[in-house]
Structures are given as C-alpha cells and as structure tokens.
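*Asks:* Next one to model:
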Amino acid sequence: MAQAHVAFLAETSRCLAQSLDYESTLRTVAGMALPFLGSWCIVDVVEPDGSMRRIAIVHPDPRMQALVAGLMESWPPDHEDELGAPKAVRSRQVEVIPCVDDEMLVAVARDEENLRTLRALGIGSVIVIPLMARGSVLGALTLVSSDEGRQYGPADLVLAEDLGARCALAIDNARLHRDARSSGALAAKMNQRLVIASIREQELAERAQELADDARTLAAEAQEANRAKSQFLSTMSHEIRTPLNAIIGFTSLIDLEIAGPLTPLQCQYVARIRASSAHLLKLIEDVLDLAKVEAGRMQVRRERARAEAAMSAAVGLVEPQAGAAGITIDYREGSTCCYLGDEDRVRQILVNLLANAVKFTERGGRVTVTCGTARDPDAEARHLSRDTPWVFIRVADTGMGIGPEMRESVFAAFVQTEQGLTRRKDGTGLGLTISRELARCMDGDLTLQSELGRGSAFTLWLPAAS
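*Replies:* Numbers count the residues shown, from 1 in each chain. Predicted coordinates:
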C-alpha cells in the first residue's frame, strides 16, 4: 500500500509539473486521488482580493456526476462558513471531521435543494487541507469519503497533507509565472511607449529647431526690412525737408514785402502757405523720429533737469492755440521736482500731450497740468521698475475721453480716436506713439486714464533726480 501511495504522489508531481494551467491540472489531480482515498474531492482557490472560488468537484461514482455538477453553481464557498474549506483557510489548520451527521449538512446547505443533493451524495468523514505556499493560503483541498461508514485514518491524513503541499506548490508556481508574464508584457508595453515617446520627443525637438531657425530667419528679414524702411524714411524726409525749408524761407521774404507790398488777400495767402508748411514740416519730423525709434537710433540724454522748465516752455508754445480754441490751460508755476532725462525730449512730449488735449476738448473746456513725485507709479506703467522714486507730469482735459477699446491702440502708429473720411481733427496719429517711445528711451513711461465723455489724463513718468 505504501508503494502505491508513493507511486500516486510521484504521478501527481509529474502531472502538476507538466502544465502551468493549475486549474485544469488540479481537476486532473482531484480525479487521480479518488481511487486512493476512496472519496469525492473538492478544490477551492483564494483569489487575490480574498474571495474564494470553487474550481472542481469530482465524485468516484459516474452516476453522481450530474448531482456534483449542480453543486458547482448552488454551493459556492462562503468565507464566513463555519465548516469546510472556508474555516481551514481562515485558521490555516488541517480540519478533520471523523463523522458528518445530518445536522452538519443542514448547517452548510444553502437551501433545501442543496441539502437534498448533499444527502444524496452520501458523506462519511471529511479532511480539509489548506493549500499554503510562502506563508500565504492559496486555497483548500477537501476530501469526502463517499461511504457513510468509512472514516479516514492517520495514513489517509498523511497522504492528503502530502498531496495538498504538492498542489499548493503547483498553484504558487503557476501564479508566479502568470505574474512574471504580466510584468513582462507590462514592461514591454511601457518600453514601447517609451520608444514612441522618445521618437515623438525627437520629432518635437527637430520641429522646435526648425521653428527656431524660421524665427531667426524671419527676425533677420524683419530687421533688414525695418532698416530699409528707416533708411527710406530718413532719406525721403531729408529730400522733402530741403525744398520745404526753401518754401518757408521764401514765404518769410514775401511776408516781409522785400519784393514789394502785398494786398490784404495776398497776406492771407502767405499766412496759409506758412501755416501749411509748418504743419508739413511737423509731420516730416514726426515720421523721422518714428523711424529713429524703430531703428534703435534715437539718442536721448540722461541729465538732471527741472520739470517746471519743460512744463513752462510747453505751455507757452501751446497756449496761443488753446486761447484761439477758447480753452483754458490751468498751470501753476513753482514746482521743485527734478528728473533724469532729456529736457528737449520731455518738452516735445508735453507739447504733443497739450496739443492733443486742446485738439480734443470742446470750446470752454479746461486743460490742467500738474507735477509731483510718487514711490508707486500707476498700474498701467508696466514698463517701469518699482524700486525707485518717480517724477510725474500729468496733462488732464475735460474733452471727449477715450473708450476702453481704444486705450491701448491710441499709442499705436497712425491711429486716431476719430477714423474715416468724416473725422474733424487733423494729424498723422504719431504723436502719442513717439511720446511713449521717447519716455521709455529715458527709462520712463507714458500712461493713460480716461472715461468716455468725461476727459482723459496722460501721465509722463520719469526717474526722479536726487
């Protein structure tokens, strides 16, 4: 008998080693155990989430197989069962029931139909072997004697424990192989993704390099176009200004009546020629200044100067124009503020701001010029640093105001608040553009605060001098 058991275990080991599909192999082993243990056999496994699943029930009597097949669906293992495989899995101890009585069957049955099936199968004694490997419970092997009068002995228990150990080893090996294959497949998939990502990264790097090369080419082309434009504007301004100066000079000679007296009508014509020539000369100077700014050739001084000097000179130049338009310029002398900058350019900025204020203020309105110092400039002065005191010169008017949609675009070249053929105010739209660029060349800025219908306030910010 001992030789038969040894041969049985050897054949069992061979079957378990032949396949890594442990479920089908365990079903085969369960069938092999029947002749030696004279029983029907149940195999349960523990899933990774802790639940139990029944994978095989084999009965030695072929006539009972239909009943056994029904138990696979109607009698699943419950982890909380107090008898059988669930109890052995929880305790990790071999469970031996020498004699199963009807009371036990009633306790483990799920319903009346299940109880009738268990009674019909015939149950003697029971051995439940927990399948353990590397400290984990992988399932349970349940052996049930089919003869109600037969009880398992010590030799049967030893054989059952040896069989359980071999089955547990087979389950563990199969799961390790499955996990290794899953890890390998995952690693291969991740490696494939890394390769694809590397290829895409290389493609993006090449594309970024192409875009950078294109950007450098476009920047060089734009720089060359800007240089050519500036050169053209400079040349044309010079060529236009030469004959224009001659026109202004001869107009002055005619006005002095050197060639003979003028009639009143001729005096009006000469005055119009002089005014138009002066206006044209101002436009040419604006275009030339814009060309210098865009080309980076605008030269400004950074010297200590009094704000009042530039303010007084600018007000004096624009006051006749304001008086003719019926507009009051409110300016108080006596400011002691000093800035670092170019006094000529500051006066040019203030003349532009005052002329615009007068131009867009209705008769009877008022233009106010104020000066002061501040540690924190307006929020709109984003071009300024925040760690130095500033001198501000503000030109405010009671004119038409500027809408929110135009507050940034008024600083763009050739833009005016009135557009189209019906606009009433003349000019090129370069004054504010040049003024802000000049302010920034002196490390300052020019900001705007306005409300439509209630006037505007332009503020020139310059670094304060000690």
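
*Asks:* pLDDT on the longest helix along the chain, on average?
*Replies:* Determined from DSSP state H, the single longest helix within the chain is helix 154-255. Mean pLDDT, helix 154-255: 80.

*Asks:* mind giving me the domain split of this structure?
*Replies:* 2-181, 219-292, 300-463 (automatic domain parsing).

*Asks:* For this structure, which element, helix or strand, carries the lowest mean pLDDT?
*Replies:* helix 2-18 (a mean of 57; mean pLDDT, DSSP states H and E).

*Asks:* Point out where the stretch 301-450 of the chain drops to low pLDDT.
*Replies:* 386, 413-429 (pLDDT under 70).

*Asks:* Please enumerate the helices of it.
*Replies:* 307-324, 343-359, 431-441 (DSSP state H, counting those that start in this stretch).

*Asks:* Touching the shortest one from outside, list them.
*Replies:* Read that as helix 431-441. 286, 289-290, 293, 298, 300, 342, 345, 348-349, 352-353, 355-356, 383, 410-413, 445-446, 458, 460-462 (CB atoms under 8 Å, 6 or more residues apart in numbering). All C-beta spots, glycine's among them, are computed from the backbone N, C-alpha and C.

*Asks:* quick check: angle from that helix to helix 343-359?
*Replies:* 150 degrees (axes from the mean of the first three to the mean of the last three CA atoms, to 10 degrees).

*Asks:* Flag every buried residue along helix 431-441.
*Replies:* Gly431, Leu432, Thr433, Ile434, Ser435, Arg436, Glu437, Leu438, Ala439, Arg440, Cys441 (16 or more other CB atoms under 10 Å).

*Asks:* so can I have CSV of those residues showing distance to Gly372?
*Replies:* Converted to CSV, these look like this (distance: CB to CB, whole Å):
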residue, distance to Gly372
Gly431, 24
Leu432, 22
Thr433, 26
Ile434, 24
Ser435, 19
Arg436, 20
Glu437, 24
Leu438, 21
Ala439, 17
Arg440, 21
Cys441, 22
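
*Asks:* Let me know the closest of these to Ala174.
*Replies:* Arg440 (76.8 Å; CB to CB).

*Asks:* Against Gly341, how distant is that closest one?
*Replies:* Computed with CB to CB, to the nearest Å, the distance linking Arg440 and Gly341 is 11 Å.

*Asks:* Go ahead and confirm Val137 touches Leu131.
*Replies:* Yes - between Val137 and Leu131 a contact is recorded at 6.9 Å, counting by CB atoms under 8 Å.

*Asks:* Pick out whichever of those two has more residues nearby.
*Replies:* Leu131 (28 against 18; other CB atoms under 10 Å).

*Asks:* Skipping its backbone neighbours, what lies nearest that one in space?
*Replies:* Take Leu131 and drop its neighbours on the chain: the residue closest to it by CB to CB, 6 or more residues apart in numbering is Ala168, 3.8 Å away.

*Asks:* Could you pull up the contacting residues of the one you found?
*Replies:* Leu131, Met132, Ala133, Leu138, Gly139.

*Asks:* any chance you could read off phi and psi for the third one?
*Replies:* Torsion angles at Ala133 (phi, psi; degrees, to the nearest 10) stand at phi -150, psi 130.

*Asks:* Tally up the residues packed near the closest residue in space to it that isn't next to it in sequence, please.
*Replies:* Excluding the flanking residues, the one nearest Ala133 by CB to CB, 6+ apart is Asp172, at 3.7 Å. By other CB under 10 Å, 17 other residues sit near Asp172.

*Asks:* Kindly report the same for Asp397.
*Replies:* Asp397, neighbours per other CB under 10 Å, totals 27.

*Asks:* now do Leu186
*Replies:* Neighbours of Leu186 (other CB under 10 Å): 10.

*Asks:* Over to Ala107?
*Replies:* For Ala107, using other CB under 10 Å, the count is 12.

*Asks:* next helix or strand past whichever strand or helix holds it?
*Replies:* Assigned by DSSP states H and E, Ala107 belongs to helix 102-108. Downstream of helix 102-108, the first helix or strand assigned by DSSP H and E is helix 112-121.

*Asks:* May I see the buried residues of that following helix?
*Replies:* Applying 16+ other CB under 10 Å to helix 112-121 flags Asn114, Leu115, Thr117, Leu118, Leu121 as buried.

*Asks:* Not counting residues beside it along the chain, what's closest to Pro77?
*Replies:* That would be Met52: by CB to CB, 6+ apart, it lies 4.2 Å from Pro77.

*Asks:* what's the pLDDT at the one you found?
*Replies:* On the pLDDT scale, Met52 gets 84.

*Asks:* number of nearby residues for it?
*Replies:* Neighbours of Met52 (other CB under 10 Å): 18.

*Asks:* Please verify my assumption that it contacts Gly84.
*Replies:* No - assessed by CB under 8 Å, Met52 is found out of contact with Gly84, at 10.4 Å.

*Asks:* any residues in contact with both of those two?
*Replies:* Joint contacts of Met52 and Gly84 (CB under 8 Å, 6+ apart) are Pro77.

*Asks:* Report the separation between Phe250 and Arg274.
*Replies:* 10 Å.

*Asks:* Neighbour count: those two, which is higher?
*Replies:* Neighbour totals were compared for Phe250 and Arg274, and Arg274 leads with 16 against 13 (other CB under 10 Å).

*Asks:* Leu71: which of the buried residues of helix 431-441 is nearest?
*Replies:* Closest to Leu71, out of all of the buried residues of helix 431-441 and judged by CB to CB, is Arg440, at 90.6 Å.

*Asks:* ok, now how distant is Gly316 from Asp330?
*Replies:* 15 Å.

*Asks:* related to what we said a few turns ago, tell me the phi and psi of the residue nearest to Pro77?
*Replies:* Here Met52 shows phi and psi, under degrees, to the nearest 10, equal to phi -110, psi 150.
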